[in-house]
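Novice: here's my sequence, what's the structure:
(one chain, ligands or ions: 1)
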Amino acid sequence: MDEAAAATETPPPASSPEAAPPPEDAPSPQAAGEMSPQEAGEDCVIRTRALTKRYRGGQLAVDGLDLTVPAGSVFGFLGPNGSGKTTTIRMLMGLIEPTSGTARVLGRPMPRHARTVLPHVGALIEGPALYGFLSGRDNLLRQDAADPTADPRTRRARVAAALDRVGLAAAAGKKARAYSLGMKQRLGLAAALLQPRRLLVLDEPTNGLDPQGMREIRTLVRELASDGTTVFLSSHLLDEIEQVCTHAAVMARGRLVVQGPVADLAAGARGRLVVTTPDPAEAARVLKEQGAGDVTADGDRVSGEPPERDLAEVTAALVTAGVRVRGLVIERASLEDAFVALTGEGFDVAG
Ligand SMILES: Nc1ncnc2c1ncn2[C@@H]1O[C@H](COP(=O)(O)OP(=O)(O)OP(=O)(O)O)[C@@H](O)[C@H]1O
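Specialist: Numbering: from 1, shown residues only. Here you go, the predicted structure:
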């Protein structure tokens, strides 16, 4: 934990107000192997090439990552614990240096352009740093005061608006140590929203929250995205990504497994044929005979990989064999199915 522990978790504020970085990078001396602005793509909010991080202890945490996050997307960065998500986010935010490869955020190379990029990025990384003895409002006032790009004249109004946005207006005067975990997460989000942002980077924003708290954060993420902010959100929860994200990248053991629109990723995996019947043993036999793969029976539910042939034939074969069919459907593949199909392993690795 040496290097990361030494780094601040909150991105360093810029030391002088600077204009929004244009997507086309100003001509600047570029290191060999760095992307040209054209390559970076104007509509990409985050783009990495062969991004790699090996920690001092020798752990290869991120291995040759090529990530492309389109502008306006809610991008889910998905992977089991230890797959390299936080390490990637730390590199994107300029908190740690990559071992090799490049990362561009808002069209600019990081960490070199951190001072111009970070004022346009709201980040919530590994839980917000809060002063327990201060109220939620005072925490935000203090954070805003530490940001040289923030206008002090509008500070109170912006803090009030951010608290309102995350549903903490009524609890604004309460000491942060009395906040629930969900309220602390929301306060962290409010801190990320003190200024208009082009990109929000949220590392496991629903971690440790109860289902209600998770729903609230998800709703908030959707609202923020509908305002045009690109949201990059890491999670180890597949259904969370399916519910809230337009795009996703799947990581496993430091490597990118797949990325793209969520609908396409799930469609890449075939659904399962599910037969509901009081005759599961006979149904399983017929399904296997008809070419279904990986047939399993659970109570009155028999499922398998759909065979190539017409389902009408499968249904007829079941009926001919005397199987009483109550239902026969193809269940839509989930992102989890896609993950399992792509990696050949379950999702709860090292959970
Ligand atoms: N500071 C560090 N020093 C050495 N190894 C580290 C450090 N931080 C993380 N690692 C290792 O790098 C790998 C990737 O960790 P990382 O935290 O990036 O994964 P993650 O996908 O974010 O997982 P989690 O959800 O558990 O945070 C893990 O094997 C982890 O043990």
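Novice: element containing Met91, please.
Specialist: Using DSSP states H and E, Met91 falls within helix 85-92.
Novice: what's in contact with that helix?
Specialist: With contacts defined as Cβ atoms under 8 Å, 6 or more residues apart in numbering, helix 85-92 is touched by 4, 7, 46, 48, 51, 53, 55, 61-62, 65, 67, 77-79, 96-98, 103, 105, 110-111, 125-126, 201, 203-204, 232, 234, 236, 251. C-beta: built from backbone N, CA, C; applies to glycine.
Novice: next step: those residues restricted to strands.
Specialist: Counting by DSSP state E, these place 46, 48, 51, 53, 61-62, 65, 77-78, 103, 105, 110, 201, 203, 232, 234, 251 in strands.
Novice: that older thread, how far off centre is the helix holding Met91?
Specialist: Between the centre of helix 85-92 and the centre of its chain there are 12 Å (Cα atoms, centre = their mean, to the nearest Å).
Novice: list the buried residues in stretch 275-292.
Specialist: Val275, Thr276, Thr277, Asp279, Pro280, Glu282, Ala283, Ala284, Val286, Leu287, Gln290, Ala292 (16 or more other Cβ atoms under 10 Å).
Novice: helices - which of those land there?
Specialist: Pro280, Glu282, Ala283, Ala284, Val286, Leu287 (DSSP state H).
Novice: which one is Gly79 nearest to, not counting chain neighbours?
Specialist: Leaving out its chain neighbours, the residue that sits closest to Gly79 by Cβ to Cβ, 6 or more residues apart in numbering is Met251, at 3.3 Å.
Novice: how confident was the prediction at that neighbour?
Specialist: Note on Met251: pLDDT of 88.
Novice: contacting residues around Met183?
Specialist: Contacts of Met183 (Cβ under 8 Å, 6+ apart): Gly136, Leu168, Ala171.
Novice: format these as JSON lines; extra columns: secondary structure and distance to the ligand.
Specialist: Formatted as JSON lines, the contacts of Met183 follow (DSSP: H, G, I helix; E, B strand; the rest coil; distance: Cβ to the nearest ligand atom, whole Å):
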{"residue": "Gly136", "secondary structure": "helix", "distance to the ligand": "26"}
{"residue": "Leu168", "secondary structure": "coil", "distance to the ligand": "26"}
{"residue": "Ala171", "secondary structure": "helix", "distance to the ligand": "28"}
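Novice: which of those has the most neighbours?
Specialist: Per-residue neighbour counts (other Cβ atoms under 10 Å) across the contacts of Met183 peak at Gly136, which has 27 neighbours.
Novice: quick one: that residue and Tyr179 touch, right?
Specialist: Yes. Counting by Cβ atoms under 8 Å, Tyr179 is a contact partner of Gly136 at 6.7 Å.
Novice: I'd assumed Val275 was in contact with Ile330.
Specialist: No. Applying Cβ under 8 Å as the test, Ile330 and Val275 come out as separate, 10.7 Å apart.
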